[in-house]
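Colleague: Predicted model and sequence below, questions to follow.
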Amino acid sequence: MLVNTSLPRVFIAATRQNDGKTTTSLGLLAALKAHYPRIGYIKPVGQRFVEVEEQKIDEDTVLMNAVYGLDCPLVDMSPIAVEPDFTRKYLQASNNEALVKRIQRAFDRVAWEKDFVLCEGSGHAGVGAVFDLSNAQVAKILGAKVIIVTRGGIGKPIDEVALNQALFDREGVEIIGVILNKVLPDKLEFISDFARRGLKRKGLELLGVIPHHPMLSSPTLQLIKDELGAEVLTPGGGRMHIVRDVVVGAMGVQNAQRFFKPGTCLITPGDREDLMLAACTTAPDPGGESLAGILLTGGLRPSAGVIDVLARMPFPVLLAQQDSYEAASRVHDMLVKTRPDDTEKISLIRDLIGRHIDVKKLLSLI
């Protein structure tokens, strides 16, 4: 059983993957600190993890700790990592009691000398049900009330919230409210009004409506480098810019030049030196922003003279082994996650959550 049952806590769930649960949690931690200086964080069940000192730690936990310095061992903030064979092993020899105790012990350690604990789930209410640790079950184990994050709109989001609500209700877990994310800015008031009416019919409060901001779904060049295992051919000052647009250089120079805009990543075979040199002539915008970078494909290295020109540019140039089609497809399909070094994104997230979520109302419902 949990030792700490009185400390305020909340469980952040979502209607599906990539609805903005981690973004919301990241911003809420900052907003909550104004009310509770000593904040704890736990992601009881993590599905995407990294190795930290031989421990498998959920990558969102690493992000939260890097940004906020949470003063708690990472292994307690990320007690269960779902490895590729985790489900098979569980189904062969069910050990639910041991897993529940691990989560409870981890929460008690996270909560030690804290004023509030934010618990982050993994996707929708049913994720983890196959090994008897769905988000609904974990929220019940932690004695936490739930906030559901869903994508902007009216009909579909409320339908999906109702579906999730049924599973939380079955576990006896209270949902205190809903946050709509990624709403088009020009529809903010309209969506807020009608979503509030629709949720009220389900007995749910609307706690906030967060406008869509392109930067938050845009990858950095560093993320593209890691995804493709690309080599840094020239560092361009060492800064891995945010990529707002991608253009595949499969056309003549004259036609391609109109696509060379600040914030664009050019993807082109490494033997298209004409396109590379044309991209180098692109003028920065009034704010001094240039291309985000160039991604060369096919493992083809330009000549030494062209590399020398590229090395003088204010943007990085990467070299990938994949062909242009595969590289562009993988960039297009990438899951964009906020990283500790994404300082611009983190600052934006804090601002958006602070301005668009009613934290006082949230706390009153907890």
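Modeller: That came through fine. Numbers count the residues shown, from 1 in each chain.

Colleague: Which is the succeeding secondary structure element to the strand or helix carrying residue 63?
Modeller: Per DSSP states H and E: residue 63 is located in helix 59-68. Sequence-wise, the next helix or strand downstream of helix 59-68 (DSSP H and E) is helix 74-77.

Colleague: For that following helix, report the contacting residues that lie outside it.
Modeller: Helix 74-77 is contacted by residues 40-43, 52, 55, 57, 61-62, 64-65, 70, 106, 109-110 when judged by Cβ atoms under 8 Å, 6 or more residues apart in numbering. In this view, the C-beta of every residue, glycine as well, is placed from N, C-alpha and C.

Colleague: in it, what's buried?
Modeller: For helix 74-77, burial by neighbour count (16 or more other Cβ atoms under 10 Å) applies to 74-77.

Colleague: Pick out whichever of those sits closest to residue 151.
Modeller: residue 77 (26.5 Å; Cβ to Cβ).

Colleague: Tell me the spacing between the closest residue to the closest one other than its chain neighbours and residue 26.
Modeller: Distances taken as Cβ to Cβ, 6 or more residues apart in numbering put residue 61 closest to residue 77, at 4.7 Å, once the chain neighbours are dropped. Per Cβ to Cβ, to the nearest Å, residue 61 is found 12 Å from residue 26.

Colleague: same for the helix or strand bottoming out on mean pLDDT in the chain, what does it pack against?
Modeller: When each helix and strand of the chain is scored by mean pLDDT, DSSP states H and E, strand 49-52 comes last, with a mean of 78. Contacts defined by 3 or more Cβ pairs under 8 Å, 6 or more residues apart in numbering; DSSP states H and E place strand 49-52 against strand 55-58, helix 59-68.

Colleague: Can I get that strand in PDB, CA atoms only?
Modeller: C-alpha atoms of strand 49-52 as PDB (Å, rounded to 0.1, in the frame of the first residue of the first chain):
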ATOM      1  CA  PHE A  49      13.400   4.900 -22.500                       C
ATOM      2  CA  VAL A  50      17.100   5.600 -22.500                       C
ATOM      3  CA  GLU A  51      20.000   4.100 -20.600                       C
ATOM      4  CA  VAL A  52      21.200   6.200 -17.700                       C
END
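
Colleague: Spell out the residue ranges of the helices in the stretch 201-350 of the chain.
Modeller: Taking DSSP state H, counting those that start in this stretch as the test, the helices found in the stretch 201-350 of the chain are 221-228, 253-256, 273-280, 304-311, 324-332, 343-356.

Colleague: any idea which of those helices scores lowest on pLDDT?
Modeller: If the helices of the stretch 201-350 of the chain are sorted by mean pLDDT, helix 253-256 sits at the bottom with a mean of 82.

Colleague: Show residues contacting that helix.
Modeller: For helix 253-256, using Cβ under 8 Å, 6+ apart, the contacting residues are 247, 249, 274-275, 278.

Colleague: mind listing what's buried in it?
Modeller: Neighbour-count burial for helix 253-256, with 16+ other Cβ under 10 Å as criterion, is recorded at residue 256.

Colleague: what sits against the nearest residue to residue 353 once chain neighbours are set aside?
Modeller: Nearest non-adjacent residue to residue 353, counting by Cβ to Cβ, 6+ apart: residue 27, 2.6 Å away. Contact analysis of residue 27 by Cβ under 8 Å, 6+ apart lists 349-350, 352-354, 357.

Colleague: Of these, which qualify as buried by neighbour count?
Modeller: 349-350, 352-353, 357.

Colleague: Dump those residues into a markdown table; add distance to residue 13 as well.
Modeller: As requested, the buried ones among the contacts of residue 27 are exported to a markdown table (distance: Cβ to Cβ, whole Å):
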| residue | distance to residue 13 |
| --- | --- |
| 349 | 18 |
| 350 | 21 |
| 352 | 19 |
| 353 | 16 |
| 357 | 15 |
